[in-house]
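Novice: next comes the sequence, and after it the predicted model I'd like to discuss.
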Number of protein chains: 2
Amino acid sequence: MEKLSKGLKVIHHLSAITPWPSSVTPMAAASDGTQGFWPAGFSTGAVSANIKYSNRKDLMLLVTDGPATAAALFTQNRCCAAPITLSREHLQHSLFSVRAIVCNSGNANAATGEKGLNDARAMAEAVACELSLKPEEVLVASTGVIGQLLPMENVLAGISSLAATMQRESVLDAAGAIMTTDTFPKFFSLELQLSGGSIRLSGIAKGSGMICPNMATMLAFLTTDAIIEPALLHEALEKANRHSFNAITVDGDTSTNDMVSILASGIGPEIKAESSDFTLFCDALEALMTFLAKLIVIDGEGATKLVGITVKGAADDRDAELAARTIAQSSLVKTAIHGEDANWGRIIAAAGRSGAIFNQKDLELHFNELPILKPYLVADFSEEAAATIMAKDSYTITLRLGNGSGEATIWSCDLSKEYIDINGSYRS
Amino acid sequence: MEKLSKGLKVIHHLSAITPWPSSVTPMAAASDGTQGFWPAGFSTGAVSANIKYSNRKDLMLLVTDGPATAAALFTQNRCCAAPITLSREHLQHSLFSVRAIVCNSGNANAATGEKGLNDARAMAEAVACELSLKPEEVLVASTGVIGQLLPMENVLAGISSLAATMQRESVLDAAGAIMTTDTFPKFFSLELQLSGGSIRLSGIAKGSGMICPNMATMLAFLTTDAIIEPALLHEALEKANRHSFNAITVDGDTSTNDMVSILASGIGPEIKAESSDFTLFCDALEALMTFLAKLIVIDGEGATKLVGITVKGAADDRDAELAARTIAQSSLVKTAIHGEDANWGRIIAAAGRSGAIFNQKDLELHFNELPILKPYLVADFSEEAAATIMAKDSYTITLRLGNGSGEATIWSCDLSKEYIDINGSYRS
């Protein structure tokens, strides 16, 4: 299983470079193939429903043993998909108490009108019927091509066969079933030590095109066994999302189907508002979400590099994000990263058109620790040293604007010919 | 001369499809190689100065017989290049009376600090010295790689040899000398019938990467023999620019060196404010600039298609432009155009994230005259008919938002593997 090995290699590599909070024990996916397990109170199943792909699992069900506290963030795209509309509604109607999430890949059920909304509703109802739940306790997510109706016969047949596949022991099947153009499944677990005992935080996510999340990413399903109030869970999710899924870009296109959700089964210790445990929980959640977000960038369509674009010294954080995002999305910067060419002129040109306020003579640029551009536009660096850094799988570009203390980081990838190949014929 | 033939083919092709105002006679570049000539009062010369390229002309001088009225628009990029700073200053100091424009390719003289500004100043002074002008009567433009100092010895030697090459009869050398990654020279002339006689309008332009002009394009030098006040000339230029150079994108990156200028030699009839002649002049100027702007898109890095993205029925023109620009810059839309895949979902997804206000059920989409998406998200079209349109070199995508009467068009191209090739190693 080559794809899995690539994923595991990436996960182990990233696991080594990501700084985890001290209270966290990363439970990196085991390389023996067991792939870790869900927190207490959760299980998942996956089947091949022949929605678009054949010979692979494309339908996933995440189920809780009892009512779980839920929080979710959805795409801000005005053309949002039917399952987004439905899940938003169900979250409200269930008063943030959720029992299951069903998700298919291969078809986004987006731009499908009334029929699409009825199909999403039918998916929730089928799951509710199988598991004796209320339909509003079921969230629905879809990912894949836009503008085609779901093959509902296959979807419903798939749902009725899912129950037999449920297990807590492996997240691999679930992570694999939600993939589209992803090349490896993305999942991670960690254990967090709180005052009342330890809890587990786990998540699966998928990319890998139309990635420029606005309030949520393509898809990420997070779980924990902690006890936590809905409002508090939402607060933690929103906070963590800002610097993780909302801080990545593959191609600047915000999807119609973005959704990130977290379910808390309430089996472990309780996390109270304004407690030190809540701070620990927020930090751990942000670390987990950042890790999964980076996996999405690494597996971005055609991507071969993960590059952190950090802007410091901006007038404020908003200005810093504006500049970092513009650099991160520039096709010229992304192709230079791909070509391993230290073309710093493109980086400052992107900052210059971003709208962020600065004086060009104050700019300072670093690749990792190597100074590339010093104040007064002095670019006196070793091309060899720069080339060595740019040859790496992952590095950081830091631009200082010299105009304040605003700071932001966006994680981006390179733009390669494979992106063109993948997207020149994705629909067909 | 294969590149020229491609250019001429494109120019003739476009000449056939562009609607010219009725008072205009297009003077399409002659296919016999003489390539048209400048309006009365102008001449140009070009030499090889070995600035970056060898074996090709890379230094251009445009000279007026007497003082010419000037207007110019410059990049809004905060990291603007030294020649932009200098030309802006000279335009003010000369009270919009200009005698010459000198332009080099192969080096942008951008992000070069004090030394770069002095180099741009030295270029103007050298031209002034050769032609017995005041330095502030000389505008300077540069295009090419960012962050490298100009080889001033070569530049100054080139300037002193330019005078011997001046001629009115051919614009080809001038258009060729300002090219960077362009594959053919871009120029066009037209004759305009006014109440007091006819005038000529001519222009040269270049692309072809870092193209998403904001207030001006990469480089365009326009000329006319009309008599016109500076303020009126500026008004006409700004108006025409809005729907021409400011309405194109190749890669979404606004250059550090964008500049579009127009010089009026004042030999022909006078154009007065609020006259019907002024309206004719504005229309003709916009038609010429739109034509040159389209040539830049056609010759965009790696581009194989010219696609007009029109958004109608928006709340206002600003909303329409927001949606059109977002669609035009979407990597996913551009790769689908390249792959000739009628992936309409990506088009409405881009509109959905643009910030423009609409309800997705009201959307209507056409490729040329073919309905792709009807209200209530009904996508019932012949894939073959769509494929036939998408196989063309040029076509129009029209999205109606159903929310008002705002309208905008952005001209864009596809995103191909050649773009990655060109930009993975452009600097080296």
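Specialist: Ah, there it is.
Novice: and the helix or strand residue A:154 falls within, how far out from the chain's middle?
Specialist: Residue A:154 belongs to helix A:152-162 when assigned by DSSP states H and E. Helix A:152-162 sits 27 Å away from the centroid of its parent chain (C-alpha atoms, centre = their mean, to the nearest Å).
Novice: average model confidence for whichever helix or strand comes after that helix?
Specialist: As assigned by DSSP H and E, the chain's next helix or strand after helix A:152-162 is helix A:172-177. In this model, helix A:172-177 has a mean pLDDT of 90.
Novice: alpha carbons only: can I get helix A:172-177 in PDB?
Specialist: This file holds the C-alpha atoms of helix A:172-177, laid out as PDB (Å, rounded to 0.1, in the frame of the first residue of the first chain):
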ATOM      1  CA  LEU A 172      -7.400   4.400   8.500                       C
ATOM      2  CA  ASP A 173     -10.500   3.200   6.600                       C
ATOM      3  CA  ALA A 174     -12.500   6.300   7.600                       C
ATOM      4  CA  ALA A 175      -9.700   8.700   6.600                       C
ATOM      5  CA  GLY A 176      -9.300   6.800   3.300                       C
ATOM      6  CA  ALA A 177     -13.000   6.900   2.400                       C
END
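Novice: helices or strands up against it?
Specialist: Packed against helix A:172-177 by the contact rule (3 or more C-beta pairs under 8 Å, 6 or more residues apart in numbering or on different chains; DSSP states H and E) you find strand A:42-47, strand A:59-74, strand A:186-194, strand A:197-206. Just so you know, the C-beta spots here come from the backbone N, C-alpha and C atoms, and that holds for glycine as well.
Novice: how about a cut-off of 7 Å?
Specialist: Applying 3 or more C-beta pairs under 7 Å, 6 or more residues apart in numbering or on different chains; DSSP states H and E, we find helix A:172-177 packed against strand A:42-47, strand A:59-74.
Novice: name the residues of the longest one that are buried.
Specialist: For strand A:59-74, a neighbour-count test (16 or more other C-beta atoms under 10 Å in any protein chain shown) marks A:59-64, A:67-74 as buried.
Novice: likewise for stretch A:171-185?
Specialist: A:171-185.
Novice: then stretch A:143-163?
Specialist: Buried residues in stretch A:143-163 (16+ other C-beta under 10 Å): A:143-148, A:150-151, A:154-156, A:158-159, A:162.
Novice: from those, which is closest to residue B:344?
Specialist: Using C-beta to C-beta, residue A:147 comes nearest to residue B:344 of the buried residues of stretch A:143-163, at 6.1 Å.
Novice: quick one: contacts for that closest one?
Specialist: Residue A:147 is in contact with A:110, A:111, A:112, B:344, B:345, B:379, counting by C-beta atoms under 7 Å, 6 or more residues apart in numbering or on different chains.
Novice: just for the stretch 151-300 of chain A, where's the confidence low?
Specialist: Residues of the stretch 151-300 of chain A that meet the criterion pLDDT under 70 lie in A:215-217.
Novice: which residues of it lie near chain B?
Specialist: Taking C-beta under 7 Å from any C-beta of the partner chain as the contact definition, the stretch 151-300 of chain A meets chain B at A:209, A:210, A:214, A:251, A:252, A:253, A:254, A:255, A:256.
Novice: that older thread, okay, the buried residues of strand A:59-74 in CSV with distance to residue B:388 and pLDDT next?
Specialist: Shown next, in CSV, are those (distance: C-beta to C-beta, whole Å; pLDDT from 0 to 100):
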residue, distance to residue B:388, pLDDT
A:59, 37, 97
A:60, 39, 97
A:61, 43, 97
A:62, 45, 96
A:63, 49, 96
A:64, 52, 95
A:67, 55, 94
A:68, 52, 94
A:69, 54, 95
A:70, 48, 94
A:71, 48, 94
A:72, 43, 93
A:73, 42, 92
A:74, 38, 92
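Novice: that'll do, ta.
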